[in-house]
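Asks: structural data only, the sequence is not supplied:
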């Protein structure tokens with residue numbers, strides 16, 4: 001099982017400007033597509049800051065297309081002018097994890113510094129799940145993700 005945490009892929013990118021830190025409380029997701037053949041997905045959330053390659057990841061919830069994460073992720077430095085990318089994956093042990101859906105959030109536009117902001121995101125499905133038979137049971141139901149984001153501006 002993969003461990004939740006922080007990934008810093010910023011070794012060769014030098015220092016990029018950051019305007020603050022966000023703390024994301026990953027609440028829940030709903031209406032996720034089924035990526036596995038014989039069972040519901042094993043979803044986890046990954047957030048990238050798009051400035052220096054840093055990302056944070058939630059734990060995976062086994063066999064649940066409507067998972068409740070209720071997990072606070074590691075702090076993430078951001079540039080409020082740059083969007084952050086949010087992805088939900090299906091964890092697989094025998095092959096590469098499957099990307100289920102994505103969303104982009106502009107912290108500077110959508111979050112007020114010093115306050116917690118609840119975001120209910122309508123996730124963009126990956127093309128292979130748009131019309132799949134497995135998804136037809138949830139026809140016209142968009143995958144959603146609920147996050148609470150606290151943005152602290154750096155002085």
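Replies: Ah, there it is. Keep in mind the model is a prediction, meaning the values are calculated, not measured.
Asks: which SSE is immediately downstream of the helix or strand bottoming out on mean pLDDT in the chain?
Replies: Within the chain, confidence by mean pLDDT, DSSP states H and E is lowest for strand 5-8 among all helices and strands, at a mean of 55. Next along the chain after strand 5-8, taking DSSP states H and E as the criterion, comes strand 20-30.
Asks: which residues are contacting that following strand?
Replies: 43, 45, 47, 56, 58, 65-73, 75-78, 80, 84, 88, 107, 111, 113, 116, 123, 141, 143-154 (C-beta atoms under 8 Å, 6 or more residues apart in numbering). For every residue, glycine as well, the C-beta is placed using N, CA and C.
Asks: got any ranges where the chain has weak pLDDT?
Replies: In the predicted model, the chain carries pLDDT under 70 at residues 1-16, 131-140.
Asks: 90 - rerun?
Replies: Under the criterion pLDDT under 90, the flagged ranges of the chain are 1-19, 34-39, 49-53, 80-82, 93-94, 127-142, 154-155.
Asks: strands of that one, residue ranges please.
Replies: Using DSSP state E, the strands of the chain run over 5-8, 20-30, 43-48, 54-57, 68-72, 76-78, 84-90, 98-105, 116-122, 124-125, 144-153.
Asks: just the ones you listed: most buried one?
Replies: strand 43-48 (a mean of 24; mean count of other C-beta atoms under 10 Å).
Asks: that older thread, distance to residue 36 added to the strands of the chain, as a markdown table?
Replies: Shown next, in a markdown table, are these (distance: least, C-beta to C-beta, whole Å):
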| stretch | distance to residue 36 |
| --- | --- |
| strand 5-8 | 24 |
| strand 20-30 | 16 |
| strand 43-48 | 11 |
| strand 54-57 | 19 |
| strand 68-72 | 19 |
| strand 76-78 | 29 |
| strand 84-90 | 7 |
| strand 98-105 | 8 |
| strand 116-122 | 23 |
| strand 124-125 | 16 |
| strand 144-153 | 19 |
